[in-house]
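A.B. asks: The amino acid sequence is not available; the structure is as follows:
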């Protein structure tokens, strides 16, 4: 008898992913969303919150396996992916958290778990803070963080990120290119898990959709939000009784092993998994390892 193995997890084709999106209008804005709901089984909701400067496509390698255990919801945040990218708008992580709440309200989800990455980590921290204040519209059940700026003092932004916050921001946006995106991703990915050409092309397609490069520097203001709300968001992590797990790519120069070490030292009952050779995008660099660690966190068989 021939023994077969499951195919390796990989990002879905960008065209297939785009074809499956739904449009949700929240206030004056249209958002691209992806939803999987198993109406035959009473499964918990899992909210997937993407990072900067990418989109919900980041979760596509995990989507199939996760859908076997959860109802799934993801939204391209304002200024990202296929969602609206207003030019004259003050982008805010607080507002992005509002949109996550609106998505779950639209789905009728009264409680949910979260899996988040990068920019999305801060959005999840705001939702955690709202729950602590009893001001959240749904009940948050657990949060699993991937690489992100949980503790702003341990965040090491790239030069382009710092420059985007200066008066040179519009110039940075104007000069952004697919090759520069590749160069940045090569630097922040692990040495053995470099991004493939189709991955860079897919991200670039989502970034440039609807003239997205024009708001690149404006969406970068999240780094200022992190400083403004630093105490609130750090307390949300260190003072909660909610189950938390960090799955961290150790080779990430932005929020890698140094963040993992700090997290383990400063979060009570810290639950953290280090993927030593992986960089800033664990869910695309090592999707099976992330899935294994995430399912173990939830006590599920892979």
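C.D. replies: Thanks, I have it. Being a predicted model, the structure only gives us computed values, none of them experimental.

A.B. asks: Tell me where the model's unsure across the stretch 51-200 of the chain.
C.D. replies: Scanning the stretch 51-200 of the chain with the threshold set as pLDDT under 70 gives 154-171.

A.B. asks: could you pull out the strands for it?
C.D. replies: Residue ranges of the strands in the stretch 51-200 of the chain, as given by DSSP state E, counting those that start in this stretch, are 71-75, 111-116, 139-145.

A.B. asks: likewise the stretch 201-302 of the chain?
C.D. replies: Going by DSSP E, counting those that start in this stretch, the stretch 201-302 of the chain shows strands at 244-249, 272-275.

A.B. asks: Mean pLDDT and mean neighbour count added to those strands, as TSV?
C.D. replies: The C-beta positions use only the backbone N, C-alpha and C, and glycine is treated the same way. Output for the strands of the stretch 201-302 of the chain, formatted as TSV (pLDDT from 0 to 100; neighbours: other Cβ atoms under 10 Å):
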stretch	mean pLDDT	mean neighbour count
strand 244-249	98	26
strand 272-275	98	19
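
A.B. asks: So which of the strands of the stretch 51-200 of the chain is nearest residue 215?
C.D. replies: strand 71-75 (16.8 Å; Cβ to Cβ).

A.B. asks: So in that sheet, which strands flank the closest one, and in what orientation?
C.D. replies: strand 29-36 (antiparallel), strand 45-49 (parallel) (DSSP bridges).

A.B. asks: avg pLDDT for the shortest one?
C.D. replies: In this model, strand 45-49 has a mean pLDDT of 98.

A.B. asks: That strand: how far from the chain's middle?
C.D. replies: On the basis of Cα atoms, centre = their mean, to the nearest Å, strand 45-49 sits 10 Å off its chain's mean C-alpha point.

A.B. asks: same deal with the first one?
C.D. replies: On the basis of Cα atoms, centre = their mean, strand 29-36 is displaced by 15 Å from the centre of the chain it belongs to.

A.B. asks: coming back round to it: make TSV out of the strands of the stretch 201-302 of the chain and add distance to residue 193.
C.D. replies: Listed next are the strands of the stretch 201-302 of the chain as TSV, based on distance: least, Cβ to Cβ, whole Å:
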stretch	distance to residue 193
strand 244-249	9
strand 272-275	10
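
A.B. asks: Could you find the closest non-adjacent residue to residue 77?
C.D. replies: residue 96 (4.9 Å; Cβ to Cβ, 6 or more residues apart in numbering).

A.B. asks: Does that neighbour touch residue 76 like I think?
C.D. replies: No - using Cβ atoms under 8 Å, residue 96 makes no contact with residue 76, being 10.7 Å away.

A.B. asks: in the protein, which spans are helices?
C.D. replies: 14-19, 60-67, 93-107, 119-132, 159-164, 169-174, 178-188, 197-208, 216-219, 222-228, 230-238, 257-266, 282-285, 287-297 (DSSP state H).

A.B. asks: could those go into TSV alongside mean neighbour count and distance to residue 83?
C.D. replies: TSV is the format used below for those (neighbours: other Cβ atoms under 10 Å; distance: least, Cβ to Cβ, whole Å):
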stretch	mean neighbour count	distance to residue 83
helix 14-19	14	12
helix 60-67	19	16
helix 93-107	19	9
helix 119-132	24	13
helix 159-164	16	20
helix 169-174	15	17
helix 178-188	15	19
helix 197-208	19	10
helix 216-219	22	11
helix 222-228	17	16
helix 230-238	18	23
helix 257-266	17	28
helix 282-285	26	20
helix 287-297	19	24
